[in-house]
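Below are the sequence and a predicted model for it; my questions follow.
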Amino acid sequence: MKENYQQFILDHYKKVASMNKLLPTSSMADQTIRNAEVEFFCKEIEMLYRKKKDLRVFEAGPGNGYLLSILKERFPKIKLFALEFSPELYQLILSRDLKGLKVKCGSICKENDIPEEWGKFDVIICERVIINILNRKDQYLACHNIAQRLLKKGYFIMSESFKEPLQNLNNARSDFSLTPIEESPHNDYLSEKFIEKWCAQEKLREISGQSRTHFLSTHFYLTRIIHEGLRHLGEKNNEIRPKFAHLLTFLEAAFPPAVGQFSPILFRVFQK
Ligand SMILES: C[S@@+](CC[C@H](N)C(=O)[O-])C[C@H]1O[C@@H](n2cnc3c(N)ncnc32)[C@H](O)[C@@H]1O
């Protein structure tokens, strides 16, 4: 399966495209996460856009193009490029008719799928894309192609999931007798070792971004541990499926973001 995973991924996103069309829920049901990701990318781009309006930004695996549409709206002068693997999602991007967008259907693992005439980029973005490549060698290939297409001092901005914080989350869940959250079959999370090796090979360095790396930690702790833990307790005590939705709203408002390291999704920025 790991060798011939592409068809599995294509079949999955065919269904995602038909169910979600242009909605922000496409590939991300949790809109707190979606909104946080969008703000993370926008904050980084905003800082660069202040200095350079015709910033060349390339998004790999943009799904239905939701983030692309927001970037175009907030930063009208940037030059946008994109490469999407799923033909159905690619068609949805085209249907947005984003002015000036250059987009192609292909794989980030294949160097030649990124048209040479697109040149190099100031910024490359990935929003849960490398984890969607279900073979470690291909994940390295994708990251190699990304590094190669960055201009000197260019930025790679990622929101990707990692194995280490998932382990923290599951350790904390076990304290509440909750079963571990497994990586979905469409994902293979990255590890710190992967990042270290990739940075060393490509001569990239991680830098501090505008947002905290573990920004989503509080959200994961509250939703995947406290909230689920309380529901689980209630259910054990035969209460009628308590939802505690009010408690979650209260806690999300009461706690600052980025407490602990419980979010598998990390916001990270690298520079060439
Ligand atoms: C989890 S979805 C995220 C989509 C989008 N970034 C978003 O946040 O809505 C992963 C995306 O990566 C794309 N993808 C998977 N493998 C790819 C590859 N080898 N090259 C380019 N895109 C790929 C999928 O088709 C899908 O659109």
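Arrived safely, thanks for sending. Since the model is a prediction, treat every value here as computed from it, not as a measurement. Numbers count the residues shown, from 1 in each chain.

Residue 65 reaches residue 97, doesn't it?
No: judged on CB atoms under 8 Å, residue 65 makes no contact with residue 97 at a distance of 10.2 Å. C-beta here means a position set from N, CA and C on the backbone, and glycine is covered the same way.

tell me the SS of residue 160?
Taken by DSSP: H, G, I helix; E, B strand; the rest coil, the conformation at residue 160 corresponds to strand.

residue contacts, residue 159?
Contacts for residue 159 (CB atoms under 8 Å, 6 or more residues apart in numbering) come out as 37, 40-41, 126-128, 265-268.

out of residue 65 and residue 97, which sits in the more crowded spot?
residue 65 (26 against 8; other CB atoms under 10 Å).

Would you state the predicted confidence (pLDDT) at that one?
Looking at residue 65, its pLDDT reads 98.

Return the distance of it relative to residue 20.
As judged by CB to CB, to the nearest Å, residue 65 and residue 20 stand 12 Å apart.

show me where the stretch 1-150 of the chain has helices.
6-20, 31-51, 66-74, 87-96, 136-148 (DSSP state H, counting those that start in this stretch).

Repeat that for the stretch 151-272 of the chain.
Using DSSP H, counting those that start in this stretch, helices in the stretch 151-272 of the chain cover 163-175, 192-202, 217-221, 228-236, 245-254.

Contacts made by the last one with the rest, please.
What that stands for is helix 245-254. Contacts of helix 245-254 (CB under 8 Å, 6+ apart): 32, 218-219, 222-223, 226-227, 230.

what does stretch 142-151 give?
56, 58, 60, 108-111, 114, 118, 120-122, 124, 126, 129-130, 133, 156, 198, 201-202, 204, 272.

what's around the residue nearest to residue 208 when sequence neighbours are not counted, how many residues?
Closest residue to residue 208 apart from its sequence neighbours, by CB to CB, 6 or more residues apart in numbering: residue 269 at 7.4 Å. Applying other CB under 10 Å, we find 19 residues neighbouring residue 269.

Report the separation between the closest residue to residue 37 other than its chain neighbours and the ligand.
Nearest residue to residue 37 in three dimensions, chain neighbours excluded: residue 159, at 4.8 Å (CB to CB, 6+ apart). Residue 159 sits 8 Å away from the ligand, going by CB to the nearest ligand atom, to the nearest Å.

and the protein, which residues reach the ligand?
Residues of the chain lying close to the ligand (CB under 6 Å from any ligand atom) are 9, 13, 26-28, 60-63, 66, 83-86, 89, 107-109, 127-129, 132-133.

Take these and keep only those in strands.
Among those, the ones falling in strands (DSSP state E) are 60, 83-84, 127.
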